[in-house]
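Enquirer: turn this into a model:
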Amino acid sequence: MTIYVIDDFPDVWPVDDCFELGYYCDSFITEIPQEAFGHPCLKSLIINECRLTTFPKDIGKLEHLEYLECYLNDIDSIPTNFAELSNLQALSLEYNCLRDLPDSFANLNKLLYLDLSKNDFEHFPECLNKMKSLRVLNLCFTKIQSAFIKNSQTLVNLYLMANQLTQFILEGLNHLRYLALSSNKLTQFIVKERHNELIHLDLSNNLLENFPVGIALLPNLQTLKIGGNKIKASIEAQKNLKKLKHLQADFDAINVESLKYMESLDKVSLVIEARHAEARKKHIENNRAVPLVNYINLEDQKKLKNLEDHFPSLCFQLDEY
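Expert: This is a model prediction of the structure:
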């Protein structure tokens, strides 16, 4: 089987029923059932919401396995022989207890999709920098404090939301198109070199105090989310972001000058400030029947009207969070 389009983790793995086994919500399942090894051509195995703790030594017998999903179990370790799953293309271990991966994990040479979100990692597993085919990596909602990721010639989508990152350096990820870093503790976002393929960047809800100058090295960016930070000054005019279509930023970080060079922009999401808390409260109390803009102070209403007058083709909206 060949997968031709790789955008994100697949919801369904396309196999015939006879090549798929699934086990769900069974607290008595603590290891892979023996019947799975009785299917020599098994391609998809799902063991969700059980009590699986690890994988057996003979896991390599599932040599035709392409898709393995073990969501919400008690897995706290991956054995070194796990890489014997030589045909594995998609692996989901979301909601487990993993803290590290063995070096041999890098030998999963056909692995395209990897979901390790909601585990107990405190450091980015070094073996992931050695993966040869990985296209989509999800490490959201862990405890990772630093992530030095580079030299991946295959990674397309990288999700690192809701960790404890304080710095991220974008370097060597030449084919990356989607980078999500929201809800960390970032004070620095550094771009070391030009990245022509990146089209989506989410830096929202961090601790950035200045607009990262390195964003100028992302000439094909189409979506930029940078609201919910500590950027006090208005965003400087970005002459290089001529392909940007959607900008999300704090209300006070946007003015006419900051938008004038963004030729492709068609939507601006303005994240309301702390002073708008009362406006947001009234908006919610009235079941959002009246537009949020009607509740903000007159000075801010005038600012929004000024933006709309200068850019009549743009869609401006207020984001509540």
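Enquirer: now for the helix or strand hosting K302, which elements pack on it?
Expert: According to DSSP states H and E, K302 maps onto helix 298-310. When contacts are defined as 3 or more Cβ pairs under 8 Å, 6 or more residues apart in numbering; DSSP states H and E, helix 298-310 sits against helix 256-259, strand 315-319. Using the backbone N, CA and C atoms, a C-beta is placed for each residue, glycine as well.
Enquirer: can you give me the helices in the stretch 51-200 of the chain?
Expert: Assigned by DSSP state H, counting those that start in this stretch, the stretch 51-200 of the chain shows no helices.
Enquirer: would you map the strands across it?
Expert: Secondary structure of the stretch 51-200 of the chain (DSSP state E, counting those that start in this stretch): strands at 67-69, 90-92, 113-115, 136-138, 157-159, 167-170, 178-180, 188-191, 200-202.
Enquirer: pretty sure L247 is touching L265, no?
Expert: Yes: contact criterion Cβ atoms under 8 Å: L247 and L265 qualify, at 6.3 Å.
Enquirer: more neighbours: which of those two?
Expert: L247 (26 against 22; other Cβ atoms under 10 Å).
Enquirer: thinking again about what came up before, which of the helices and strands packed on helix 298-310 sits closest to R275?
Expert: strand 315-319 (13.1 Å; Cβ to Cβ).
Enquirer: thinking again about what came up before, any shared contact partners between L247 and L265?
Expert: Counting by Cβ atoms under 8 Å, 6 or more residues apart in numbering, the residues touching both L247 and L265 are L259.
Enquirer: what's next to stretch 244-255, contact-wise?
Expert: 204, 211, 221-229, 231-235, 238, 259, 262, 264-273, 276, 300, 303, 307, 318-319.
Enquirer: buried residues, it. List them.
Expert: Neighbour-count burial for stretch 244-255 flags 244, 246-254 (criterion: 16 or more other Cβ atoms under 10 Å).
Enquirer: filter the contacts of stretch 244-255 down to the buried ones.
Expert: 204, 211, 221-222, 224-229, 231, 234-235, 238, 259, 262, 265, 268-272, 276, 300, 303, 307, 318-319.
Enquirer: point out where the protein drops to low pLDDT.
Expert: The chain contains residues with pLDDT under 70 at 1-9, 11-18, 151, 321.
Enquirer: secondary structure class for A277?
Expert: Under the three-state scheme (DSSP: H, G, I helix; E, B strand; the rest coil), A277 adopts helix.
Enquirer: and it, how many neighbours?
Expert: 10.
Enquirer: for I144, see how far away it is.
Expert: Taking Cβ to Cβ, to the nearest Å as the measure, A277 falls 31 Å from I144.
Enquirer: check contacts around the residue nearest to G214 when sequence neighbours are not counted.
Expert: Sequence neighbours aside, V191 is the residue nearest to G214 in space, at 2.9 Å (criterion: Cβ to Cβ, 6 or more residues apart in numbering). By Cβ under 8 Å, 6+ apart, the residues touching V191 are 170-171, 212, 214-215, 217-218.
Enquirer: adding distance to L139 and secondary structure, write these out as CSV.
Expert: As requested, these are exported to CSV (distance: Cβ to Cβ, whole Å; DSSP: H, G, I helix; E, B strand; the rest coil):
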residue, distance to L139, secondary structure
L170, 16, strand
E171, 18, coil
P212, 21, coil
G214, 22, helix
I215, 22, helix
L217, 24, helix
L218, 21, coil
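Enquirer: of the buried residues of stretch 244-255, which is the nearest to E122?
Expert: Nearest to E122 among the buried residues of stretch 244-255, with distances taken as Cβ to Cβ, is Q248, at 29.6 Å.
Enquirer: given the helix or strand where that closest one lies, what are its sheet partners and their directions?
Expert: Q248 belongs to strand 246-250 when assigned by DSSP H and E. As defined by DSSP bridges, the strand partners of strand 246-250 come to strand 223-225 (parallel), strand 267-271 (parallel).
Enquirer: nearest approach to N81 belongs to which of the helices and strands packed on helix 298-310?
Expert: Nearest to N81, of the helices and strands packed on helix 298-310 and by Cβ to Cβ, is strand 315-319 at 47.9 Å.
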